[in-house]
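Q: With the sequence up front, the predicted model follows.
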Amino acid sequence: MKSIQDFATLLEQQQKDNFAKACPNVFAAQQANPANWQGIVAWKVKISPAAKYTRVDVGDSGKYMVVNATGEIFGIKGYGVIHKGHPYGTLDTIHEWNWAGYVAVKKNP
């Protein structure tokens, strides 16, 4: 099984690439002088493990939750509240999804 860190790395790279494409001037300014942005990075991923789930945040917002026992990935209803109606595969299927957008989209086979 892939790790949550593998998922976080892939998610962060795809979010960063999408941000650079969508907002090239902001991205360039942030890369040129990061001190002016006081650590605000819209694509930065943070992992917060807990007993049952691991929260995966992007920027300053909650985004996904991973079930520790199974590796299943879900969206969230609210911060720290899993949304079982928004499943995004498992840690083993992370490369079958495009994580660049607001929500993940399953890639075509």
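A: Perfect, I can see it now. Residues are numbered from 1 along each chain as shown.
Q: Can you show me the helices along this structure?
A: 4-22, 24-32 (DSSP state H).
Q: mean confidence for stretch 25-39?
A: Stretch 25-39 shows a mean pLDDT of 76.
Q: Tell me the buried residues in it?
A: 27, 30 (16 or more other C-beta atoms under 10 Å). The C-beta positions use only the backbone N, C-alpha and C, and glycine is treated the same way.
Q: could you dump it to CSV, C-alpha only?
A: Extracted in CSV, the C-alpha atoms of stretch 25-39 (Å, rounded to 0.1, in the frame of the first residue of the first chain):
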residue,chain,number,x,y,z
ASN,A,25,1.6,36.3,-12.3
VAL,A,26,0.8,35.5,-8.7
PHE,A,27,2.8,32.3,-8.8
ALA,A,28,5.9,34.1,-10.3
ALA,A,29,5.6,36.9,-7.7
GLN,A,30,5.4,34.3,-4.9
GLN,A,31,8.4,32.4,-6.2
ALA,A,32,10.4,35.5,-6.7
ASN,A,33,9.9,36.9,-3.2
PRO,A,34,8.5,34.3,-0.8
ALA,A,35,9.1,36.6,2.3
ASN,A,36,6.4,38.9,1.1
TRP,A,37,3.8,36.1,1.2
GLN,A,38,4.5,35.3,5.0
GLY,A,39,4.3,31.6,4.4
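Q: all strands in the chain, in order from the N-terminus.
A: 45-49, 53-58, 61-67, 72-78, 81-90, 97-98, 105-106 (DSSP state E).
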